[in-house]
Structure formats: C-alpha cells, structure tokens
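Peer 1: what follows is a predicted protein model with its sequence.
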Amino acid sequence: MTLSNPVPPGDSGSADADLAASSETVATTARSPWYLQLPIISHLRRSVGLQRGMLITGLVLVIGLLLTALFAPLIAPYGFAATGADGVKFGGQQPPSAEHLLGTTVTGFDVLSRVIWGTRTAVAVMVCAVVASLFLGVALGLLSGYVGGWLDRVLVMLADAIYAFPSLLLAIVMSIVISGGQSNAWGGILAAALSITVVFVPQYFRVIRAEVVRLKAEPFVEAAKVIGTGHRRIMGTHLLRNSTRTLPLIFTLNSSEAILTLAALGFLGFGIEPTSASEWGYDLNRAMADATSGIWWTGLFPGLAIVAAVLGVTLVGESINDLNDPRLRTRKKRSRAARKVAA
Amino acid sequence: MTDTRSPQRLAIEDLDVHFATDGGDVHAVAGVSLEVAPGEILAIVGESGSGKSVTARAILGLLPETAEESGAILLSGTDVVGLSGKRLRALRGEDVSMIFQEPSSAMNPVFPIWWQIGEGLKAHRPKMTRKEIRAEAIEALEKVGIPDPAERIDRYPHEFSGGQKQRIMIAMALALGAELIVADEPSTALDVTVQAEILDLLRDVRDRFGTSIIIITHNMGVVADLADSVAVMYRGSVIERAGVKELFASPREEYTQKLLAAVPHLGRNSAWTALSQEQQQEIEDAAPVVVAKDLVIEYPGRLGRAPFRAVHGVDFTIRAGEVYGLVGESGSGKTTIGRAIAGLERTTAGSLQVLGHEMNGVRERDFKPVRRRIGFVFQDPATSFNPHLTIQECIAEPLIVHEPGQSPAQRAQTVRSLLESVELPGTYAGRYPHELSGGQRQRVSLARALVLEPELLVADEPTSALDVSVQATVLELFRELQERLGFAALFISHDLAVVDSLAHRIGVLLRGELVEDGHGPDVLHRPSHSYTRKLIASLPVPDPIEQATRRAAFAKEWGRDAAT
C-alpha cells in the first residue's frame, strides 16, 4: 500500500454493500463541472499557502499581459511608430513627464506606448511559436513512440542534432533564412515564431515520445491490443489523452523562453523593424548607448516588461509543476476544530 | 504515565494517525493499542487500507510529512511519537529495524553487500574501521545462512536471488542487534518455496536471539505458520487480538470469521471433484480449444547474446468448457504462455493452435477475427483500464472494434446487462475506473473480457493484487460465470490453493518446462515431480496445528539443505 496517498474510502470496505455506499460518495465528490477541471483552474483550486500565492501572482501577471495586448490601441497614448502627435515632434530622449509618462527614446518614440504595444508582439510570437511546436511535436512524438523501429531512431537522432546547436544561434540562422533578418510586422513575428518553433519541437517530441513509450507497455494498451483495436484508435484514444499530462507545464515554460528568445533576437538586431511593430528587445538594444549617459528610462521599462512577462509565465508553469506532483504539493492542515473532535 | 520499566518490548498506546490528502483528512489509524513481549512474533493482518502498514511505520517514525500522529509508542521505554531526528536515528537500527516487501529496491545497487551492512553499523558506531565492518558483515551473513559469507560480502545486490536479498536484509537488522524487527509483507514478493525458507529463518532468529518480530501480512497461511499472536485490523482499529491457535480455532469477531472463511485452503473444495461423473466425462470428450505441441518461446537477446528461452517445449491441451490452471514461480514462463495464446507474444518454435489457428508465424491481420473469441483478464485492475474512459466506454470497446454497426443505445444495453451479471449496479457505467475499488475493477475487467461472449478466456493472476476477502468473491464470480457461460479458460496463478479451487486441470511449470499436468486431486495427492511435492509442502495452510505438522514434514524432507 502507498503511504502518501491513502486509499480512497471506496477501497477499504469489505462487504460489497458498504463498498457501493462509500463509492457513491467518492463519485459525487470526484465529479465537478467540466470548467473546474480545466488545467489551471483545477490547479488553483487545489493550491494552498505559498504555492497558491505564487500561482496567483503568476496568473495576475499573465492575465495583465494578455489584457494589455488585447487592448493596446485603447491603453497606449500614442502609436508604436509615432514620433509626434498633431504635427508636433516629441523630441528625443525626453525624461518622464506628464505628456510622456515614461519619457521618449533617442529616435523620439514614446516609451510607454512602445512598452504597451510590445506586449502584442510578445504574445503573438509566444502563441505562434508554442502552438506550432505543440502540434508538430506532439504528432511526431506520438508516431515515433508508438511505431518505434527505424522511424523512431531517425527522429530521435534529428531531435538530438537540433539540441546540439545553441538555440539562439539556431534561431538567428532561421530568422535569416526565413526573412533575411529584417522585415515587416507579421513577417517578423512569423520568422521569430518559426525559429523558436524549431528549437521547441524537439522538447515536445521528447516528452510525448517518452510518455508514449512508457504507456505502450501499460496493461490498458495491451488490453486494447488483445481486443484487436486498430493502431489509429490506440494512438488517438488510449495514448494521446494519457500522454498530454505534462503539456501545460512545458507550454508555460516554453512561452517564457519564447519571450526571451524574441527579446534576444531583437537585441542582436534580427528582430522586427521599429516602424512595423514594437519589440522590447529592439528597444533595449537602442537604449544601450543611453545607459552610459544617465538616460535610464529608455532601457529600464522595456527590460521590466520582459522580466514581468517571463516571471508571470514561469510562476504559473512552476506552480503547475509543483501542484502536479503529489510529493511537492502542500496540503491544507487539519482545521483546529477537526483536531479537537478527534482528540 | 506508564511504567518505563515495563517488561514489554513495544507498547503502543492509543495511536492515532491522520493524513492530509487532496480529498480531505483521512483517519488512517484510530486509537490502536498493542503490546509485544520480548521474543514474541505478532502478526498484524487486515485488508489494504486497514492501517496495518501505517501502524508499523509509525513505530520507526517513518510516516510521511503529511501525517499527524498522537498517542504513545513506547519502544523499550522510549516514546517514539514526536521524537526528534537525531534520537530517532539512534533508536532505529539498534532497537528496531524494518524489513521491506521488495528486497531488491531496499538495497543500493551500486554498493557491495558489506558496504550496505556497514552503513548501518557506521551510523551507530562512527569509529569502526573497514576491517571491523567486514568482520561483522561476515558474521551477520553467517547468522542468516548465506553460504561462503567471506567471499560473498564483496558481491553486489543483483548477484543475489530475491530470497537471498531478503536474508541479507534480515542480516542487516541482526548486525545492529535490533531487538524488534518490523517486517512489512516480507515474503509477499517471493515464491512459495522461498517464502517457506524466509519464514523458517525468521522463526530461527527469534529462537536464537530472542528478537521480537512484528509481521504484517495478508496471507493467513503465513500467520498460521509463524505467529504467536495475531492482531486483526479493520478500518484503522484493532478489532481482535488473540493467540494464534485461539484465533484460528474460535474467531470472536464476525469480520475475522469472514476473513478466515475467505482464505482458500489447499485440498479442500477442489474444482474437479465438485463435478459429477457425467460432467467430467463431458469435458474429457470436448473438442480442444488450445493445443500446444513442443511450444518454444524465446525473447531475443541483446546484440551478440543468445536469446532467452522462456518456454522450453511445452505440451498441453485446453478443451472446450475446461478451466486449465497454470502454476509456477515467477520466471517460470506461465505468463508468457498466456500472452502467446492471446497473440501478445510471438512463438519461436513448435506449434500452438488457438481456436483452430496456428500461432507460430501468425500475421496480425489473419488473427484479428479470432481475437473476438478470446477474452483476457489482466493481473492489476488498477492499470488495465484507460483512466480517461468511463466504465461504459471501457466495456464497450470490444463492441466498438468488432461490431461497428451497433448503435450506442444497443451497446449501453449490453454493458448494463453485463454489469448486472458481474454483480455491479448499472449506474456504475458512468463512472471512471479510479472511482471503483480494486475488487470492483476486477469485476469490470471480467465484464470487458466477456462482452463478446468468447470461447476462451485467459486470466493472468486475476486475483493476486486483491485482498483475501475480495479475492474470494471474485473467484466465486468467476466460477459461477464459467459454469453459466461454459467458456474454456486458462487460469494463471502462483497460488496452488486458488488454482485448485477453480481449475479442472492443473499444469505446473518449472523454468519453462511443464513438469506436471493432470486433474486437481491427482496433482495434489499423487504428484509425480519432486518440485510439485516441494511446492505443495511449502504452501502454508491457514491452520496453525496442521501447519506445524506440515512444517515438520517439510523440514524432514528438504529441511536445512534449502537454507545452506
């Protein structure tokens, strides 16, 4: 018997009559509406104490990021490429003031607007990159793990080969191949997303493949084979649904890595042109020279935006990781009242 | 509050353990009080979830962080409950030691045996030299009857068999001079013949060193064989505490009576003798469903290594309506044969005819239509269901695959009537597997295997993961369904008593060879092979008086040579 997870009440009875009765209660407590069983919501309900605090902080940051991205045109005081309003130039390197809450950059952009519009680029790249690598990685992993043999060996070798490259270098190469280094908004976003995809696909591939290889030997898959179930049904019904447990975790951790890779690409000059879209990494790059001359506002705020976005997504991911693992999960202490009754 | 000079080696007073879980608070142990005298062997019996392991682990302070305990555990006068790490560590090993169920996972595979024994010694006597440790290790291994200890202390755990590893675990406990050994199902993972040796060793240890032993088990045969007194646990409390003879002769509580009644007893109610003469003749004359001739099954070896031969030239026949029981220890190839019949394993040579199809070199496409005529019940009901499908979907899966034309309403109807025939309410169809208990899940497993009305059922240790009382009801259900539906079955088990109560014909496998094949009473009373005789003799029966005479007979024939 396991000690960390004492058997549910339905498992301990001897007579079948009280088994049926106690299972009834198990069933009613275990069944809750579908929306409460969604990954992050169910995690939030299960969490307590510090873990709950971490998860909520992360969620607040992430939701803030998403809302800012969605309502950027309403929130931002100016456009991302605007160097002046009503025919009047903002002027370069203006310190924070009532007109420009966070000041202006050397090229005369409003820093606050750039930071707010930057969330759009970040979210777009994050979603494109993670979704593309998710579908490709899961499909390949499922196939490779289930079929095995030479297909598996070739795919694993390819994944290893991609791992061998420094991911940023690979992303730079990909962005040069795809867009020649610089381009318009969607071209830039897709180039960045695709180059991140190439780096992430092996991760999803590996995780799903490992799960599938493990699950393939599970009795319930063998039970399906004994029945004569076809390959497609085994992969779709039995393997896919059971192997995607860890995906929300990689999903969030990869999202934060996507933001960082995008920022790094922009910082190194392989990002999106400032007139096509706002991008934090690019702004940071331009702010480098300012920092030595005491102009702090051009670098600080895009940097803070990156930190907040990455922190939010990572906190959510780490909390999910801890909450998924029963050994890391903290639980509610028994209430004092219950303890008194017992004593 | 208690006299610390109490003569008891262990006194548990009013122990209460709570676990904090996702499903709320679980009251695992509720007010348990127990006492163990020096040199006493106490058996704690009960079903899984009755709190017996938790109680035992609390004695060593081995409960997980989520546990909260109250009460007192006086170990040679020291209260263990709430003891700090350092004092607890001093206590562990010297006063109390534990033997785990799975000896292979209780040892560190990268260190030799002397190091493993020395680790405990060093923790208590830090100044010990390597030479002293080795000397002590040799002495400890000698005590538990490992041959050539001086040479074997340099070996690694994987070079020992399961039974020897369990001996080494006992040696470790002895090396530290533990006065109390807590053994958590020490023989469950071992084969019956090895189990007899380990039980013999434990008894010997008690006799020679006066060690008290608490043995946790669900096997009533082990209790009858070894224990002086018994504590029966049910839902976190001790409901009956009695001497072993007294308990078996006149159990007081209704639950204990039920528990004892559920234990299969070797030689009583044999399935073959229960049949009438005509029925016996009918089975004898029936057409064969499975015919194995000189069947060989090999697992491919690693590159450059010879393949591993799991089954060596086995011949047997299963006739229509006959239950064939296959018995053997782990690694004897019994599961491999079952899997080969279901098409999960390829045969290497010889012939295996299943429902008229030759399995040697069969192609999956040709075998698929035959699959609907075969049902399979897996050993572990916990893992043989897809956790994401409801019971309805699990049972209906064979229908979806083989009769895609059926409407969902028809399928639901079939599932419902099947659930009724395995004595589960129809409302269970909407539940998920984890919401059912082990016994209920194994019933669902039976239902899934029977949904297409197969002519042949392969059951691979279907009850070995279940509690004794649950096992009895599942076996009863199996017997009843077999009589009603008349399918042929291959019943694989390591428990001779279970097989005898169910199978018309019994085959005994030893290292891939069928050494015995015949009807139940013939095999049990007139075994032709010495291994079968040893198997029967080493199976403990749940009756302390009968077991004592059996033990004496066993010692006379195989006795010490098994240990040395």
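Peer 2: Now that the structure is in, tell me what you want to look at.
Peer 1: please make it C-alpha for all contacts and neighbour counts, starting now.
Peer 2: Will do.
Peer 1: what residue in chain B is the furthest from its centre?
Peer 2: Farthest-out residue of chain B from its mean C-alpha position, per CA atoms, centre = their mean: B:Gly405, at 42.3 Å.
Peer 1: for that one, give me its contacts.
Peer 2: Contacts for B:Gly405 were tallied using CA atoms under 8 Å, 6 or more residues apart in numbering or on different chains; there are none.
Peer 1: pretty sure it sits in a helix.
Peer 2: No - remark: B:Gly405 does not belong to a helix; assigned using DSSP: H, G, I helix; E, B strand; the rest coil, it is coil.
Peer 1: can you give me the buried ones in stretch B:77-96?
Peer 2: B:Gly77, B:Thr78, B:Asp79, B:Val80, B:Val81, B:Leu88, B:Leu91, B:Arg92, B:Gly93, B:Glu94, B:Asp95, B:Val96 (16 or more other CA atoms under 10 Å in any protein chain shown).
Peer 1: for those, which one is nearest chain A?
Peer 2: Closest approach between these and chain A, by CA to the nearest CA: B:Val81, at 15.5 Å.
Peer 1: quick one: low-confidence ranges for the chain?
Peer 2: Since no chain was named, I'll use chain A. In the predicted model, chain A carries pLDDT under 70 at residues A:1-32, A:37, A:179-185, A:325-343.
Peer 1: let me rephrase: I mean chain B.
Peer 2: B:1-7, B:22-23, B:267, B:303, B:558-564.
Peer 1: residues in the stretch 51-200 of chain B within reach of chain A, list them.
Peer 2: Selection of the stretch 51-200 of chain B residues close to chain A by CA under 8 Å from any CA of the partner chain yields B:Ser53, B:Val54, B:Leu63, B:Pro64, B:Thr66.
Peer 1: next step: those restricted to helices.
Peer 2: Of those, the ones assigned to helices by DSSP state H are B:Ser53, B:Val54.
Peer 1: tell me which helix or strand B:Leu490 sits in.
Peer 2: Element membership for B:Leu490, per DSSP states H and E: strand B:488-493.
Peer 1: same for that strand, what does it pack against?
Peer 2: Secondary-structure packing of strand B:488-493 (3 or more CA pairs under 8 Å, 6 or more residues apart in numbering or on different chains; DSSP states H and E): strand B:308-319, strand B:323-328, helix B:334-341, strand B:456-460, helix B:496-502.
Peer 1: now, of these, which is deepest in the fold?
Peer 2: Ranked by mean neighbour count under mean count of other CA atoms under 10 Å in any protein chain shown, the helices and strands packed on strand B:488-493 are led by strand B:323-328, which reaches a mean of 29.
Peer 1: what inclination does that one have with respect to helix B:334-341?
Peer 2: Inter-element angle recorded for strand B:323-328 and helix B:334-341: 140 degrees (by axes from the mean of the first three to the mean of the last three CA atoms, to 10 degrees).
Peer 1: got the contact list for strand B:323-328?
Peer 2: Strand B:323-328 has contacts (CA under 8 Å, 6+ apart) with B:318, B:334, B:488-496, B:499-500, B:502-510.
Peer 1: stretch A:305-318 now?
Peer 2: By CA under 8 Å, 6+ apart, the surrounding residues in contact with stretch A:305-318 are A:54-62, A:65, A:115, A:248-253, A:255-257, A:259-260, A:263, A:280.
Peer 1: closest residue of chain A to chain B?
Peer 2: A:Phe220 (3.8 Å).
Peer 1: surely that residue is within a helix?
Peer 2: Yes - A:Phe220: assigned to a helix according to three-state DSSP.
Peer 1: you'd agree it is up against B:Asn386?
Peer 2: Yes - A:Phe220 is in contact with B:Asn386 according to CA atoms under 8 Å; the separation is 5.7 Å.
Peer 1: A:Val313 in helix, strand or coil?
Peer 2: Look at A:Val313: counting by three-state DSSP, its state is helix.
Peer 1: what about it, how many neighbours?
Peer 2: For A:Val313, the neighbour count with other CA atoms under 10 Å in any protein chain shown is 27.
Peer 1: what distance do you get for it to A:Met126?
Peer 2: In this view, A:Val313 and A:Met126 are 11 Å apart by CA to CA, to the nearest Å.
Peer 1: what touches both of these two?
Peer 2: Shared contacts of A:Val313 and A:Met126 (CA under 8 Å, 6+ apart): A:Ser255, A:Ser256.
Peer 1: so what does the helix or strand that A:Ala287 is a member of touch, helix or strand wise?
Peer 2: Using DSSP H and E, A:Ala287 sits in helix A:280-292. Counting contacts by 3+ CA pairs under 8 Å, 6+ apart, helix A:280-292 packs against helix A:111-147, helix A:247-267, helix A:297-324.
Peer 1: now render those as JSON lines, adding distance to B:Trp114.
Peer 2: Output for the helices and strands packed on helix A:280-292, formatted as JSON lines (distance: least, CA to CA, whole Å):
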{"stretch": "helix A:111-147", "distance to B:Trp114": "42"}
{"stretch": "helix A:247-267", "distance to B:Trp114": "43"}
{"stretch": "helix A:297-324", "distance to B:Trp114": "38"}
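Peer 1: which of those helices sits closest to B:Gln353?
Peer 2: For B:Gln353, the closest of the helices and strands packed on helix A:280-292 is helix A:111-147, at 28.4 Å, according to CA to CA.
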